[in-house]
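Undergrad: A structural model of the following input is requested.
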Amino acid sequence: REARRVLQHEKLFHLHEGQGISLVYTGIELRAEDDELVWLQIMHYAKHVPLGEPFEFSVKDLVRDLGWAKNGRYYDKVRESISRLKANEVLVLNEKAYGKSGAISLIDKYSAINDSEGKLTQYRVWIDPNLVVLFAGNTFTNHSWETYRSLSPVARRLADYIESHKQPFPLKLERFREMCGSTSKTVYGWRRTAREACAEIEASGIAKCVQLHTDDSIYVVNE
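TA: Numbers count the residues shown, from 1 in each chain. This next block holds a predicted model:
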């Protein structure tokens, strides 16, 4: 419910801090509740064309594919999210590398068809071909999209951690809170949220057993 911040060269959290790699973001704050799902659904559409080539989808199709209610509120939510995904800059810096660097936007550009009221209904979208570096080699995690999009934002962060490790190490509760960007004020409240996420992951079948132990660490058994 808090207003979105406008970020200027904001350094983002990632698990491998201290190794000279920085992620820097400029733009309107993006959130897992809606922007992440909209972007990943758009990337799901993008799989069907060569990277950098345009592809099309309608607002109604995207709302349907996300399982959201088909009404004006969610159509507007999608339009607003696409604008935020276009109006940003993501910059990766490596302190140990000398040479070129560059920035990308999560959506490179788009054109749209409007209805009689001037609302955007059909999008034609381009994704920056340089985004391919995020999927190079074995450096990405391949989720089941149908399962992943049904999870809550906190459970998705836990799924990211679990599915990027063959056998995940115990994850400290505070580290998990940082991963989620949570502003939870109490340890008790965050423990409850973490337990709910663990239960979601088990129910989804992503892992056999996920539990928060008394040492405030999340333990995972995959098989």
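Undergrad: buried ones in stretch 207-219?
TA: Using 16 or more other C-beta atoms under 10 Å as the test for burial, stretch 207-219 gives Ala207, Val210, Leu212, Asp216, Ser217, Ile218. Bear in mind the C-beta positions are built from the backbone N, C-alpha and C, glycine included.
Undergrad: quick one: contacts of that stretch?
TA: 158, 162, 170-174, 176, 187, 191, 194-195, 198-199, 201-202, 220-223 (C-beta atoms under 8 Å, 6 or more residues apart in numbering).
Undergrad: also stretch 2-22?
TA: 23-29, 31, 91-96, 178-179, 181, 183.
Undergrad: what about that stretch, average pLDDT?
TA: The average pLDDT within stretch 2-22 is 84.
Undergrad: distance between the ends of that stretch?
TA: 26 Å (C-alpha to C-alpha, to the nearest Å).
Undergrad: any buried residues in that stretch, and which?
TA: Here stretch 2-22 shows Leu7 as buried, counting by 16+ other C-beta under 10 Å.
Undergrad: quick one: low-confidence ranges for this structure?
TA: Counting by pLDDT under 70, the ranges of the chain that qualify are 18, 97-101, 134-137, 139.
Undergrad: got the domain ranges for it?
TA: As given by automatic domain parsing, the domain ranges for the chain are 6-135, 145-221.
Undergrad: where along this structure do the helices fall?
TA: 37-46, 59-66, 72-86, 145-148, 153-163, 173-180, 187-204 (DSSP state H).
Undergrad: can you give the contact residues for stretch 77-97?
TA: 9, 20-28, 30, 34-35, 38-39, 42, 59, 62-63, 68, 101-107, 109-110, 119-120, 123.
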